[in-house]
Structure formats: C-alpha cells, structure tokens
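Student: I need the structure of the sequence given here:
(one chain, ligands or ions: 1)
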Amino acid sequence: MTVFAAYSPDAGALAPAVVSLRPATKGDVDAILRIEVAAGRPAGSVGSADGYRRAIADPDRCVLVAVSDGAEHPVVVGWAKTHHHTDVADPAPAGHYLAGITVDPAWRRRGVAAALTDARMQWIAARCDEAFYVVNAQNRASIDLHTRWGFTEVLRAPRLTGVEFEGGVGMLMRASLDR
Ligand SMILES: CC(C)(COP(=O)(O)OP(=O)(O)OC[C@H]1O[C@@H](n2cnc3c(N)ncnc32)[C@H](O)[C@@H]1OP(=O)(O)O)[C@@H](O)C(=O)NCCC(=O)NCCS
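Tutor: Coordinates of the predicted model:
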C-alpha cells in the first residue's frame, strides 16, 4: 500500500489553513505518530518514538510541527524534519536534507506542507548554500510540492541516504540557496 497522496495537480488549493509553526518538542511525539498512522503508514514502519525524540533533541536537525490555531484545542496537523547527512555510503552526497514531511490527510491541500518546507529551507539556508531531498519517483505530489524552491533532479538510484525505495527508484533532488 502506498502512503503517497493521490496525484491531483489540477485539484487546486483549498482555503489556506490557519496554522502556526514551532519547533517540535518531545511532547509532540504522540501527535507525530498519530499523523503517520492517519497517513496510512503501515504498522511497524511509522518510526520509533525514541527515534523521533532523538531527532527533536539533535541541534543539527530542524524538526517542526504545524499547529492549528482556529480550534478551541490547538492540534498538531503536520510535521517535518531535516537530516544532516554525513555518513556517505551511496550516491547521495553529504549535506542538509529535507528529510520527512507528513500532513494529516484531513488538512491537506491547504498550504501546510508548503509552510513547513519554507521554514526548513530558511533553516538550511542559514547554514549552507544548498539543500537536498530524496523522493520515491512515484511520489509525484511530493515532487510538485518542492518545485517552487527550485529543486532539480541530480540522479536516480535504488538506494539514497540509506533509504531503499519501494518500487526501486529514488530521486536525489538539489536546490541552490541564496544566502
Ligand atoms: C505531500 C504532502 C506532504 C503535501 O502536503 P499538503 O499540506 O497537502 O501540501 P500543500 O497544501 O502545502 O501543497 C503545496 C503544493 O504541493 C503540490 N501538491 C500537494 N499535494 C499534491 C497532490 N496530491 N497532487 C499534486 N500536487 C500536490 C501542489 O503544487 C500544491 O500547490 P496547490 O495546492 O496550490 O496546487 C502530503 O500529501 C503528505 O503528507 N503526503 C504523504 C507523505 C509524503 O509523501 N511525504 C513526502 C515524502 S518525500
């Protein structure tokens, strides 16, 4: 089963969601896991709570949550992280990567992922002059999402940053950052 959003380039955006972004805390891990399950991530592949806690505590990574502002009780509706890739073991070069983003299916197509990506791109731009991400070639929604930051394809491989791609093809994408 794929967890990719159905590709619908002509669907058009809905009314923008009223959300605010903030750095994730360890108290957000349950919400992150809830969103991964809601997005259809198969049991056993949603990542461990400890892994998310380590990412949140790592000063060399940017882990953000998007929180709905409109509701009486604010709720986490999306999250995203970066990864500083240093242990090069496949064609993906060292560098800062956009490394995971999921929006609650009930909140999609309202600009939440774009906001989370813009904030992470600013975080990376403060540290270096290029950004990367890897993506399954079948995940066309994700590829379209990232185009506005100028990402272009560098190469394709079955394994990138240690990730093996379901279906066999991953894409390495790169964008220059104007410092
Ligand atoms: C991909 C994902 C993060 C997008 O989240 P989102 O909040 O709905 O995205 P946004 O509303 O910010 O969309 C911004 C742009 O991305 C593109 N986009 C987003 N979803 C799309 C879809 N289903 N089909 C085609 N383009 C899409 C569009 O260009 C969109 O602009 P538009 O709405 O004005 O046309 C979300 O669908 C998701 O969580 N998917 C599952 C996890 C995943 O695949 N993560 C990426 C791994 S690399």
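Student: Please give me every residue in contact with Leu145.
Tutor: Leu145 makes contact with 113-114, 117 under the criterion Cβ atoms under 8 Å, 6 or more residues apart in numbering. Any C-beta I mention is one placed from the backbone N, CA and C, and that applies to glycine too.
Student: who wins for neighbours among these?
Tutor: Most neighbours among the contacts of Leu145, by other Cβ atoms under 10 Å: Ala113, with 22 neighbours.
Student: correct me, but it touches Gly78?
Tutor: Yes - between Ala113 and Gly78 there is a contact at 6.5 Å, judged by Cβ atoms under 8 Å.
Student: Common neighbours of these two, please.
Tutor: Shared contacts of Ala113 and Gly78 (Cβ under 8 Å, 6+ apart): 101, 103.
Student: sorry, back to before: okay, the contacts of Leu145 in JSON lines with secondary structure, distance to the ligand and pLDDT next?
Tutor: As requested, these are exported to JSON lines (DSSP: H, G, I helix; E, B strand; the rest coil; distance: Cβ to the nearest ligand atom, whole Å; pLDDT from 0 to 100):
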{"residue": "Ala113", "secondary structure": "helix", "distance to the ligand": "3", "pLDDT": "98"}
{"residue": "Ala114", "secondary structure": "helix", "distance to the ligand": "4", "pLDDT": "98"}
{"residue": "Thr117", "secondary structure": "helix", "distance to the ligand": "7", "pLDDT": "98"}
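Student: Can you tell me which of these is nearest Gly150?
Tutor: Closest approach to Gly150 among the contacts of Leu145 (Cβ to Cβ): Thr117, at 12.0 Å.
Student: where do the helices sit along the protein?
Tutor: 29-38, 49-57, 112-125, 140-146 (DSSP state H).
Student: Checking the shortest one against the ligand, do any of its residues make contact.
Tutor: Yes - between helix 140-146 and the ligand, judged by Cβ under 6 Å from any ligand atom, the touching residues are 141-142, 144-145.
Student: Is it possible to get JSON lines of these that adds pLDDT?
Tutor: Below are the residues of helix 140-146 next to the ligand laid out as JSON lines (pLDDT from 0 to 100):
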{"residue": "Ala141", "pLDDT": "97"}
{"residue": "Ser142", "pLDDT": "97"}
{"residue": "Asp144", "pLDDT": "97"}
{"residue": "Leu145", "pLDDT": "97"}
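Student: That concludes my questions; thank you for your assistance.
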